[in-house]
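J.: mind folding the following:
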Amino acid sequence: MKNLNLPLFIAAALILSTSLISCSDKAIRYYNEGITAASDGNLKKAIGLWNKSLEIRGSDPDTHFNLGVAYLEMNQYNNAEESFRNSIKYRKNDPVAHYKLGLSLQGQNELSAAKRSYKMAIKLKQNYVPPYLGVAECALRQRNPETAEKYSSLALKLSPASIRANTLLAESLFQQGNYSDAYMQIAP
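T.: From the prediction side, this is the model:
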């Protein structure tokens with residue numbers, strides 16, 4: 001009796017694995033078509049395709065990440081935040097996703113939360129310059145030029161030619177009343 005069930009079990013396993021592979025192939029197809037649409041500048045179509053991919057394989061961090069980037073490009077910060085949070089849920093140690101989450105929060109004027117995301121990105125990858133600049137921008141908007149000076153200076157140590165870091169440092173010095181150093185920062 002037991003031997004009769006073994007072929008049935010094998011057949012069922014093959015059918016199940018084939019359908020799972022087929023679903024995975026559809027998810028990949030939608031994902032790739034979304035990449036093509038985004039490359040062509042059609043973000044609305046890309047978002048639709050990536051959402052179809054997520055209906056099949058909802059735990060894919062890359063698809064969530066790409067959705068977040070598309071939403072950021074369209075200034076849909078709430079949707080971007082949700083997508084980046086989902087991406088991070090499935091890939092916790094991605095510094096770029098934490099940075100992009102910070103951008104989406106900053107876009108919603110949630111500056112303290114944005115700074116926390118930027119600082120997490122820095123913790124995960126200390127030589128990654130953009131989150132240092134994000135903290136500096138948020139600090140300037142919060143009228144905390146000392147913190148802005150610290151983070152823009154750290155960014156300049158990592159990337160001495162960064163115009164954005166120089167500008168943020170100059171602005172932080174200016175807000176502190178250090179006008180001559182602010183001018184010297186942007187003069188070259």
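
J.: sec struct for Ala161, please.
T.: On the three-state scheme (DSSP: H, G, I helix; E, B strand; the rest coil), Ala161 is labelled coil.

J.: distance check, it against Leu54.
T.: Ala161 sits at a distance of 39 Å from Leu54 (criterion: C-beta to C-beta, to the nearest Å). Glycine gets a C-beta too; all of them are placed from N, C-alpha and C.

J.: for Ala148, same thing?
T.: In terms of C-beta to C-beta, Ala148 sits 37 Å off from Leu54.

J.: more neighbours, these two?
T.: Ala148 (26 against 19; other C-beta atoms under 10 Å).

J.: OK, contacts around that one?
T.: 135-137, 139-140, 168-169, 171-172, 175 (C-beta atoms under 8 Å, 6 or more residues apart in numbering).

J.: got any ranges where the protein has weak pLDDT?
T.: Confidence mapping of the chain against pLDDT under 70 gives the ranges 1-23, 188.

J.: in it, which spans are helices?
T.: For the chain, applying DSSP state H gives helices covering 2-39, 43-56, 61-73, 77-90, 95-107, 111-124, 129-141, 145-158, 163-175, 179-186.

J.: can you give me the buried ones in the fourth one?
T.: By neighbour count on 16 or more other C-beta atoms under 10 Å, the buried set for helix 77-90 is 77, 79-84, 86-88, 90.

J.: out of those residues, which comes closest to Leu156?
T.: Lowest distance from Leu156 to the buried residues of helix 77-90 (C-beta to C-beta) belongs to Phe84, with 26.8 Å.

J.: how far away is that closest one from Ala155?
T.: Phe84 is 22 Å from Ala155, by C-beta to C-beta.

J.: quick one: contacts for Ile47?
T.: Neighbouring residues of Ile47 by C-beta under 8 Å, 6+ apart: 34, 67, 70-71.

J.: I misspoke; the intended subject was Ser87.
T.: Residues in contact with Ser87 (C-beta under 8 Å, 6+ apart) are 61-62, 64-65, 68, 94, 97.

J.: how close does it get to Ser39?
T.: Counting by C-beta to C-beta, the gap from Ser87 to Ser39 is 20 Å.
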